[in-house]
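Colleague: pasting a predicted model and its sequence here:
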Amino acid sequence: MHRGKNYIESAKQIDKLRLYDPSEALDTVVKVAKAKFDETVECHLKLGVDSRHADQQVRGAIVLPNGTGKSVRVLVFAKGDRAEAARAAGAEYVGDTDLVERITKENWFDFDVVIASPDMMGVVGRLGRVLGPKGLMPNPKAGTVTPDVGRAVTEAKAGKIEYRLDRANIIHCPIGKVSFGAEKLQENFNALVGAVLRARPAAAKGQYVRSCVVASTMGPGVKVNPLRLEIK
């Protein structure tokens with residue numbers, strides 16, 4: 001794989017064989033970020049579970065203390081008072097069957113989060129095949145299927161992120177922007193890691209967090225010592 005000059009220079013400042021403490025890892029990520037734009041910092045956690053088994057699923061959501069640094073566009077499926085609450089909370093798009101038709105007929109996806117009230121799931125269910133692969137399908141575990149759609153919109157705007165396992169049993173989540181600085185990134189990192197640790201399935205055996213890597217959009221990964229992770 002071809003690597004750019006900035007990436008190569010940044011990689012020279014990182015010891016690939018070393019497992020860093022979380023605070024030092026995030027400080028390093030910030031220092032070696034070279035891009036001309038404000039890079040997103042992501043955390044990648046490989047867990048010692050098997051996501052093929054229902055009793056070993058790890059999924060949930062957390063509002064990051066300092067947000068994600070990203071402007072989030074929210075679509076809400078709701079009617080009546082709940083629709084009004086969603087609009088009052090700042091949702092960009094609110095509706096029901098009209099939105100379903102727009103998505104299916106126009107291939108429209110100008111939104112980042114989808115929230116639905118429980119009574120709308122019969123309608124939203126028709127979109128499973130298109131929203132599911134994009135990770136946009138509302139889900140009770142993520143707090144995106146809820147009667148309190150106004151609160152869900154507020155949380156989404158405040159920096160709520162969903163964490164879930166991919167097929168390789170890895171969780172990939174943004175924890176902020178390089179411009180946040182190491183201290184705020186650490187607070188967001190602690191919130192995410194704490195949530196994942198608390199979500200450990202009873203069926204998980206052995207070492208729960210097998211590896212942890214933090215990296216900016218264009219920068220090299222910095223390995224974090226998984227044994228230094230704790231609930232804070």
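Modeller: Structure received.

Colleague: and the residue lying closest to Pro22 once chain neighbours are set aside, how close does it get to Arg200?
Modeller: Nearest residue to Pro22 in three dimensions, chain neighbours excluded: Val224, at 5.4 Å (Cβ to Cβ, 6 or more residues apart in numbering). Every C-beta, even on glycine, is put in place using the N, C-alpha and C of the backbone. Here Val224 is placed at a distance of 18 Å from Arg200 (Cβ to Cβ, to the nearest Å).

Colleague: of these two, who's got more company?
Modeller: Val224 (26 against 15; other Cβ atoms under 10 Å).

Colleague: can you list the domains in this structure?
Modeller: The chain breaks down by automatic domain parsing into domains covering 15-67+160-228, 74-157.

Colleague: let me have these in a markdown table, extended by distance to Lys5 and mean pLDDT.
Modeller: Shown next, in a markdown table, are the domains of the chain (distance: least, Cβ to Cβ, whole Å; pLDDT from 0 to 100):
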| stretch | distance to Lys5 | mean pLDDT |
| --- | --- | --- |
| domain 15-67+160-228 | 9 | 94 |
| domain 74-157 | 32 | 95 |
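
Colleague: helices of this protein, start to end?
Modeller: Taking DSSP state H to define them, one finds helices in the chain at 5-11, 22-32, 80-89, 97-106, 121-124, 128-131, 149-158, 182-198.

Colleague: which among the ones you listed is found nearest to Gln56?
Modeller: Closest to Gln56 of these, according to Cβ to Cβ: helix 182-198, at 13.4 Å.

Colleague: in the closest one, what's buried?
Modeller: 182, 184-193, 195-196 (16 or more other Cβ atoms under 10 Å).

Colleague: go on, stretch 212-231?
Modeller: So, applying 16+ other Cβ under 10 Å, buried residues of stretch 212-231: 212-216, 218-226, 229.

Colleague: name the residues that touch that stretch?
Modeller: Residues outside stretch 212-231 that contact it (Cβ atoms under 8 Å, 6 or more residues apart in numbering) are 4, 6-7, 10-11, 14, 16, 18-22, 25-26, 28-30, 32-35, 39-46, 175, 178, 189, 193-194, 197-198, 207, 209-211.
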